[in-house]
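Participant: Here you go, sequence then predicted model.
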Amino acid sequence: MSVTTAPAWRPARQEPGWLVRLFEYKPFLVFACLLPAVGLLMVFLTYPLGLGIFLAFTDTTIGRRGIWVGLENFQYLLEDPLWWNAVFYSVFYTAVATVGKFALGLWLALLLNNHMPFKSLLRAIILLPWIVPTVLSAIAFWWIYDPQFSIISFLLVDVLGWRTTNIDFLGSAWPARFSLIAANIWRGIPFVAISLLAGLQTISPSLYEAALLDGSSAWQRFRYITFPMLLPILAIVMTFSIIFTFTDFQLVYAITRGGPVNSTHLLATLAFQRGIPGGQLGEGAAIAVSMIPFLVFATLFSYFGLARRKWQQGEGND
Amino acid sequence: MTDAATLPQPVAASNAATAQPETMAWDSKARRMVTLYLPLACFVIILLFPFYWMTITAFKPNAELFDYKTHNPFWISSPTLDHIYHLLFNTAYPRWLITTMTVAICSTFISLIASTLAAYAIQRLRFKGSQYVGLAIYLAYLVPPSIQFIPLATMVYQLGLFDSPMALILTYPTFLIPFCTWLLIGYFKSIPYELEECALIDGATRLQILRQITLPLAVPGLISAGIFSFTLSWNEFIYALAFIQSSESKTVPVAILTELVSGDVYQWGALMAGSLLGSLPVAIFYSFFVDYYVSSLTGAVKE
């Protein structure tokens, strides 16, 4: 074919069809590629976010369109001791669980950063609590926290003899609060440890060699090399951890459902209880919206963590 | 707090070990035992104990389950399959498993397709403002499902999807797409751009390049995104709890908590058997691809 049309040089291929040309047109291609993702996110993420904020200002219930009531829902919440209780426990839960997760997770990451046999197998095993559905491991914790047949009580009372009575883990407010925090820390350690381990492995050994030659102590090497080099990843992982601990729902719903006497309600479980089984969609949405300021704060924290990383890369060894 | 206080010691050992692999005088075997293997063993035991307990409860007969005096609770003297039999034949458990599987697979596919295209557009087509679209998708990941479920429930109801698995298939991508896109952007970045330029010079169209050059090279990235999506949608709880009412279309985590927990006496054997069976598919799936999983998790955090 191309031989016969040889005199004037032409590309040997056929003129593409209109569809192909349309997809070669870059703005259209970009639009077509972004459409599924952005469309789905707009419809099922951005719109509900706006709708949720709108619902918080109405008195919608299940089966009845609400009318605009302004700030009434929020005024009601401010006078509601249960809401204050949920705010307190959400903050407390997040703070204690985050400190616990990061202290233990960092420790585990530093341990895993050593040379040892079966390292990759160990890493795989350690991630298990994070892989398994939270609700299912929460049910296992519920069983471990059983008032009568708790294995921890058995260990402490019958094996070690440290106590004479079984621990009532979930029967009263403070033990229940700490039991939930312990379960949350258990679930969070693997993620923190594996992410921080990745950060540790990027630190160049030559920095430690230089510090050793300068006669630094182990604590100084941790304080002035490991910690600052780890800070960028630490900031990101911590932001994620804070956001998802603060808005946690599954663990509390599975183990205590907010009890005993509403003492372990997080904002998310309170919003669910009022909104879905209680039917007060407007009020539930108001509780959910009241979480947003805390989340914005955590996101800003992440932003400044990232900004700090740029500054460090400018000065760092890369 | 005690952990923070004991932190410096293992730090010392590990830093020295990374800096100087050969054994130094003070880094004796005994010291390594105390600062490294002992704490590590404690971590592993504590992290795995709930699974051990779950497994052992699932196979214990009821007589042993509630009698710690005559039977050692840490072991089973006469294992039984009663609980699993009860679960598989007297409850709708197989049905719940199938629903969960369908929902997880469908939403994984939807989000993989959508996020591959989006990541390709953002990373390779480089249009004006592409980094802002990327940032917006990243921010979408930070919107937690706990503040979305009430408005989504009203939406799902108005769309007539209430109580149907379709509601879950359509809403799960909202938290899967941001994560997958983010992961794939990082992956596409690692593929040399020269390959695509060669193909462009050879006269390939953009879609041909995506299909025949970029995608085959991005298979490991696609696999890790797929595993993440599958496990995340298998684990999802709050949407499934809020949007599904009828017993037969519940997902496993919701069904165990709402259908198996009945009355005042909890059937711990059946509950634990249900949790074990519900965890197994994810655990098996994970064990096949564990290297992809770890590398993508750490890669995504480093991005």
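Facilitator: Yep, that arrived. Numbers count the residues shown, from 1 in each chain, chains lettered A, B, ... in the order given.
Participant: Which helix in chain A has the most residues?
Facilitator: helix A:81-112 (DSSP state H).
Participant: A:Thr239 contacts A:Leu300, doesn't it?
Facilitator: No. Look at A:Thr239 against A:Leu300 with CB atoms under 8 Å: they stay out of range, at 9.2 Å. For the C-beta atoms, the positions are set from N, CA and C on the backbone; glycine is no exception.
Participant: that older thread, the longest helix of chain A and chain B, any residue contact?
Facilitator: Yes. Counting by CB under 8 Å from any CB of the partner chain, chain B is contacted by helix A:81-112 at A:Gly100, A:Ala103, A:Leu104, A:Leu106, A:Trp107, A:Leu108, A:Leu110, A:Leu111, A:Leu112.
Participant: Same question for stretch A:224-241.
Facilitator: Yes. Using CB under 8 Å from any CB, stretch A:224-241 reaches chain B at A:Ile225, A:Thr226, A:Ile233, A:Ile236, A:Val237.
Participant: In that stretch, which residues are buried?
Facilitator: For stretch A:224-241, burial by neighbour count (16 or more other CB atoms under 10 Å in any protein chain shown) applies to A:225-226, A:229-241.
Participant: Sitting in helices, which of those do you find?
Facilitator: Among the buried residues of stretch A:224-241, DSSP H puts A:229-241 in helices.
Participant: Switch those over to TSV; also include pLDDT.
Facilitator: TSV is the format used below for those (pLDDT from 0 to 100):
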residue	pLDDT
A:Met229	86
A:Leu230	86
A:Leu231	83
A:Pro232	80
A:Ile233	83
A:Leu234	85
A:Ala235	82
A:Ile236	81
A:Val237	86
A:Met238	85
A:Thr239	84
A:Phe240	85
A:Ser241	88
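Participant: Can you list the neighbours in contact with stretch B:235-245?
Facilitator: A:133-135, A:249-250, A:253, A:268, A:272, A:276, B:145-146, B:149-150, B:152-153, B:156, B:161-163, B:165, B:167-168, B:171-172, B:175, B:250-251, B:253-254, B:258, B:282 (CB atoms under 8 Å, 6 or more residues apart in numbering or on different chains).
Participant: Over to stretch A:58-70?
Facilitator: A:Leu55, A:Phe57, A:Glu72, A:Asn73, A:Gly279, A:Gln280, A:Leu281, A:Gly282, A:Glu283, A:Ala285, B:Thr154.
Participant: Just the buried subset of those, please.
Facilitator: Using 16+ other CB under 10 Å as the burial test, these include A:Leu55, A:Phe57, A:Asn73, A:Gln280, A:Leu281, A:Gly282, A:Glu283, A:Ala285, B:Thr154 as buried.
Participant: I figured the first one was touching A:Leu281, is that so?
Facilitator: Just to be clear, that refers to A:Leu55. Yes. Using CB under 8 Å, A:Leu55 is in contact with A:Leu281, at 5.9 Å.
Participant: Report the buried residues of stretch A:37-48.
Facilitator: In stretch A:37-48, counting by 16+ other CB under 10 Å, buried: A:Ala37, A:Val38, A:Leu40, A:Leu41, A:Phe44, A:Leu45, A:Pro48.
Participant: Leaving out the residues flanking it, which one is nearest to the first one?
Facilitator: The one in question is A:Ala37. Using CB to CB, 6 or more residues apart in numbering or on different chains and skipping residues adjacent in sequence, the residue nearest A:Ala37 is B:Ala118, 3.7 Å away.
Participant: The third one now?
Facilitator: Computed as CB to CB, 6+ apart, the closest residue to A:Leu40 that is not its neighbour in sequence is B:Pro173, at 5.3 Å.
Participant: what do you get for the last one?
Facilitator: In space, and not counting its chain neighbours, A:Pro48 is closest to B:Pro151: 4.0 Å by CB to CB, 6+ apart.
Participant: Report the buried residues of stretch A:209-216.
Facilitator: The neighbour-count check on stretch A:209-216 (16+ other CB under 10 Å) flags A:Ala211, A:Ser216 as buried.
Participant: does chain B sit close to it?
Facilitator: Yes. Using CB under 8 Å from any CB, we find that stretch A:209-216 touches chain B at A:Glu209, A:Ala211, A:Leu212.
Participant: can you list the weak-confidence ranges in chain B?
Facilitator: Low-confidence segments of chain B (pLDDT under 70): B:1-27, B:262-265, B:296-303.
Participant: tell me the centre residue of it?
Facilitator: B:Thr231 (3.4 Å; CA atoms, centre = their mean).
Participant: what's stretch B:78-94 in contact with?
Facilitator: Applying CB under 8 Å, 6+ apart, the contact partners of stretch B:78-94 are B:58-62, B:64, B:247-248, B:252, B:255, B:259-260, B:267, B:269-270, B:272-274, B:277.
Participant: now do the same end-to-end measure for that stretch.
Facilitator: End-to-end distance of stretch B:78-94 (CA to CA, to the nearest Å): 26 Å.
Participant: Tell me how far that stretch lies from the chain's centre.
Facilitator: 26 Å (CA atoms, centre = their mean, to the nearest Å).
Participant: buried sites along it?
Facilitator: By 16+ other CB under 10 Å, the buried positions in stretch B:78-94 come out as B:Thr80, B:Asp82, B:His83, B:Ile84, B:His86, B:Leu87, B:Thr91, B:Ala92, B:Tyr93.
Participant: Quote the end-to-end distance of stretch A:213-227.
Facilitator: Stretch A:213-227 has its terminal residues 19 Å apart, counting by CA to CA.
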